[in-house]
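> Here you go, sequence then predicted model.
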Amino acid sequence: MTEHPSPDVTVIIGAYEAMPYLVKCLESVENQTIGADRVEIVAVDDGSTDGTGEYLDAFAARSKVPTRVIHQPNSGGPGGPRNTGLAQARGRYVFFLDADDHFGEEALERLVAMGDRAGTDVILGRIEGVNRNAAKSMWGATVERADVYTSNVKFTLSAQKLFRRDLLMRYGIRFDTSMRTGEDALFTMEAYLRGNGVSVVADYTCYYLVGRDDGKHLTKSGDYDIRFLSARRLMELIAAHERPGEKRDLLMIRPFVTTLLPQFGHVLLRQDDATLAHKLELAAPLMRAYWTKGVAGRLKPQERLRLACVALGKAEELKAVVEYERTKRKPETVSRRGRRYLALPYFGDRSAGIPDWVYEIAGPTPSQRLWRAARRRAGALLRRRKG
C-alpha cells in the first residue's frame, strides 16, 4: 500500500464477527464527502471466524481510502481493538466506528469543520438508531461549545465521536480493557474533562447505530455486578477531576441516573431479597461518597425517592416505592410553608425516616409562576409605551 500524507481523520474500526454489516460500514467511509485523500482507515480484526478478516484484506487492496488491517487474537471486548487502532493512527482526529454501524455521507466533513472552527477536542455528531434506540436529548441544537456540566452531552459517553488525537496522546487516554462494560464511558468522560471543549453537530445525522438482527454484540444485562463496577469507576474518575461542589454534582447525575437507578427499578420485583440486599451492599459506598443534596436536588422526586431509600438502606420501603410506581398513580401535590411536595409513599411518615426534602418539587409554585408572568407582561407593556 502506498503511504499517504497524514490525513485529517483516522477511522478506527474494531471488527469481530461483523459480516455482513461490515460491508455497509466500509462503504460509508469510502463515500464520505470529505474525500478519500483526507481519511485513512485502521481496521482491527479481533479474531473473527466469519470472513471479517478476509473481507477487510480485500477491501484494503482495492479501496481508494488508505486502509491498514491488523489481525489479532480475540480480546474479549471492544476496548482492545480500539487501543490497537489508536496506536497506529496518523490523523489529526480519530473516530471510533463500530463495524455494525455506518456514517452519514457528510459526517466527517461536518465534524472536522466543526472541530477546526471551534478549536474543540471532542466533537459529537447526531446519532440515529436503526432497529434500536439511540439517545436523543443532546441533539436539540448545534453548538460550537457545549457546557459538559449543564448540558446533556454528559449522557452520551459512547466512543462514537470525533476526538483530537493530540489530546489522547498527550494524556495517554486509552480504553480500560479490564472492564466488561463502561470502558467507553471512562474514555469519553476523561476526554471531556481534559479537553479544550466539546462541540455538537445536531443538524445532520452523522452516525447510524445499527441493531443487529442476530442480537450479537449487545451488552448483556444479567450481570449487575459489572454495572456497579462501571458506576464506581466513573464516579471515581469524576471525583479525581472535580472537587466536591456544584460541578462534581452536575456530572455525578450521569452515573446515578443512567447506571445505578435502573438497578433499583421494576427489575427488583423479579428478583429475590438476597439479590436486593447484595445490590444495596454494592451501592452503599457509592452513596456515602457521592450522594449529595446537590445531586438529589437535580433529580425528579420519584428518582430521588428511590435513591434516597438506597442511601438509607431501606429495602422494604424501596420495594414499596417501586410497586407504587408500577401502578402509575398520580401522586397528590401538597403545599407546606411555601414549599410543594409530591405525596409519594412514606411522605410525612416519621417512622420511615425519609426526610421531607426528598419529596420536594423544584421550581416556583403556581402562584409564583402567575406573578412572574404578570410582571413580564407589565414590563413588556411599559417598553412598548416608551418605544
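Perfect, I can see it now.

> just how off-centre is stretch 80-88 within its chain?
Remark: stretch 80-88 is offset 21 Å from the chain centroid, using Cα atoms, centre = their mean, to the nearest Å.

> Quick one: residues in contact with that stretch.
For stretch 80-88, contacts defined as Cβ atoms under 8 Å, 6 or more residues apart in numbering pick out 10, 12-16, 42-44, 46, 68, 70, 72, 75, 94, 96, 159, 165, 168, 174-175, 177. Where C-beta positions appear, they are placed from N, C-alpha and C, glycine not excepted.

> show me where the stretch 251-387 of the chain has strands.
Applying DSSP state E, counting those that start in this stretch to the stretch 251-387 of the chain gives strands spanning 333-336, 339-342.

> Let me have these in CSV, extended by mean neighbour count and distance to E30.
Shown next, in CSV, are the strands of the stretch 251-387 of the chain (neighbours: other Cβ atoms under 10 Å; distance: least, Cβ to Cβ, whole Å):
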stretch, mean neighbour count, distance to E30
strand 333-336, 12, 57
strand 339-342, 17, 54
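
> Pipe those into TSV and attach distance to E325 and mean pLDDT per row.
What follows is the strands of the stretch 251-387 of the chain, written out as TSV (distance: least, Cβ to Cβ, whole Å; pLDDT from 0 to 100):
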stretch	distance to E325	mean pLDDT
strand 333-336	17	93
strand 339-342	12	95
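
> Would you tell me which of the ones you listed gets closest to E183?
Nearest of the strands of the stretch 251-387 of the chain to E183, taken as Cβ to Cβ: strand 339-342 at 37.3 Å.

> So which elements touch that closest one?
helix 301-312, strand 333-336 (3 or more Cβ pairs under 8 Å, 6 or more residues apart in numbering; DSSP states H and E).

> The shortest one pairs with which strands, and in what direction?
Sheet neighbours of strand 333-336, with direction, are listed as strand 339-342 (antiparallel) (DSSP bridges).

> And for the partner strand, what's in contact with it?
By Cβ under 8 Å, 6+ apart, strand 339-342 touches 301-302, 331-335, 347, 356, 359-361, 365.

> Out of those residues, which end up buried?
With burial judged by 16 or more other Cβ atoms under 10 Å, the buried subset of these is 301, 347, 359-360.

> circling back: would you mind telling me which of the helices and strands packed on strand 339-342 is nearest A191?
Nearest of the helices and strands packed on strand 339-342 to A191, taken as Cβ to Cβ: helix 301-312 at 27.4 Å.

> buried sites along the closest one?
Neighbour-count burial for helix 301-312 [16+ other Cβ under 10 Å]: 301, 303-312.

> swap in stretch 117-126?
Residues of stretch 117-126 classed as buried under the neighbour-count rule (16+ other Cβ under 10 Å) are 118, 120-126.

> From the residues you listed, which land in strands?
Residues from the buried residues of stretch 117-126 lying in strands, with DSSP state E as the criterion: 122-126.

> counting contacts, what elements does the lengthiest strand in the chain pack onto?
The longest strand of the chain (DSSP E) is strand 198-210. Other helices and strands packing on strand 198-210, by 3+ Cβ pairs under 8 Å, 6+ apart, are strand 102-103, helix 107-118, strand 122-130, strand 143-146.

> switch to 6 Å and redo it
Using 3 or more Cβ pairs under 6 Å, 6 or more residues apart in numbering; DSSP states H and E, the elements in contact with strand 198-210 are helix 107-118, strand 122-130, strand 143-146.

> Could you dump those into a markdown table and include distance to S137?
Converted to a markdown table, the helices and strands packed on strand 198-210 look like this (distance: least, Cβ to Cβ, whole Å):
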| stretch | distance to S137 |
| --- | --- |
| helix 107-118 | 20 |
| strand 122-130 | 12 |
| strand 143-146 | 12 |
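
> do you know which of those lies nearest D50?
Of the helices and strands packed on strand 198-210, nearest to D50 by Cβ to Cβ is strand 122-130, at 20.6 Å.

> May I have the strands that pair with the closest one, each with its orientation?
strand 162-164 (antiparallel), strand 198-210 (parallel).

> Helix 107-118 and the longest one, what's the angle between them?
Put plainly, it is strand 198-210. If you take axes from the mean of the first three to the mean of the last three Cα atoms, to 10 degrees, strand 198-210 sits at 170 degrees to helix 107-118.

> who's in contact with strand 198-210?
With contact meaning Cβ atoms under 6 Å, 6 or more residues apart in numbering, strand 198-210 is reached by 100-102, 104, 107, 110-111, 114, 118, 120, 122-130, 134, 139, 141-144, 146, 148, 153, 160, 192.

> Downstream of that strand, the next helix or strand is which one?
On the C-terminal side of strand 198-210, the nearest following helix or strand under DSSP states H and E is helix 224-241.
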